[in-house]
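> Structure for this input, please:
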Amino acid sequence: MLNYKWGISQRLDLPRGSLMQSEADNKTRWRIFVVEDDEDDRYFMTNALTQIDYDIELTTFTNGQALLDDLVFDPILPNLIILDLNLPLLDGKETLRVLRSMPTTSDIPVVIYSTSNAVADMREVYALGASSYVVKPSNFEDIGKTLKSICDYWLQPSNNLELESKGAR
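Next comes the predicted model:
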């Protein structure tokens, strides 16, 4: 299923990988927001996430302002935000600063996913409250492995108990 909201985001219900339907019905549905302005990167990330054995509702945004607008109007919070640094309108650092200042989003895991391997960028985003910093891999196989590792870590029930009590599901 593919839905567009205001022409700035794209919501996808991704298939459940190799799970059988009866198994999938007992699994938690995870909501992931990806903020990435590069069309190719969004495409590769979406394809890689379809290969992961999680029941995912994926919404993509092309800039930080679009993400923040959605979070204001959508009462169901994501379980995880994957955020690029170099974005138009509102960059990743400023988006992170706003996310951490809002009571409803301050505890959502935010993984910075950037081409930058600059130590200064890493230090700055951790000081702003980033949950993790991952340098984007350069090939599809590594993108898939990296995104699976991110999901394996952040989409554990113990990491999301507090979020569920705040409305994320």
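
> How about N117, nearest residue that isn't a chain neighbour?
Of all residues beyond its chain neighbours, the one nearest N117 is V135 (4.9 Å), with distances taken as C-beta to C-beta, 6 or more residues apart in numbering. The C-beta positions use only the backbone N, C-alpha and C, and glycine is treated the same way.

> Then S116?
S116 sits nearest to L85 (C-beta to C-beta, 6+ apart), 5.9 Å away.

> Show the model's pLDDT score for G167.
On the pLDDT scale, G167 is placed at 49.

> Offset the numbering so it begins at 779, please.
Sure, I'll start counting at 779 from here, so that last one is G945.

> on that earlier part again, any idea how far the residue nearest to S894 lies from K923?
The spacing between L863 and K923, counted by C-beta to C-beta, to the nearest Å, is 21 Å.

> between these two, which one's more packed in?
Taking other C-beta atoms under 10 Å, L863 and K923 do not tie; L863 has more neighbours (22 against 14).

> how about the more buried one, secondary structure?
Under the three-state scheme (DSSP: H, G, I helix; E, B strand; the rest coil), L863 adopts coil.

> mind pulling up the phi and psi values for it?
Dihedral pair for L863: phi -90, psi -50, per degrees, to the nearest 10.

> and it, what is it in contact with?
Going by C-beta atoms under 8 Å, 6 or more residues apart in numbering, L863 touches D869, G870, K871, I890, S892, S894, D899, V903.

> Now these in a markdown table, please, with extra columns for neighbour count and pLDDT.
Shown next, in a markdown table, are the contacts of L863 (neighbours: other C-beta atoms under 10 Å; pLDDT from 0 to 100):
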| residue | neighbour count | pLDDT |
| --- | --- | --- |
| D869 | 17 | 95 |
| G870 | 27 | 96 |
| K871 | 20 | 97 |
| I890 | 25 | 98 |
| S892 | 20 | 96 |
| S894 | 17 | 94 |
| D899 | 19 | 96 |
| V903 | 23 | 97 |
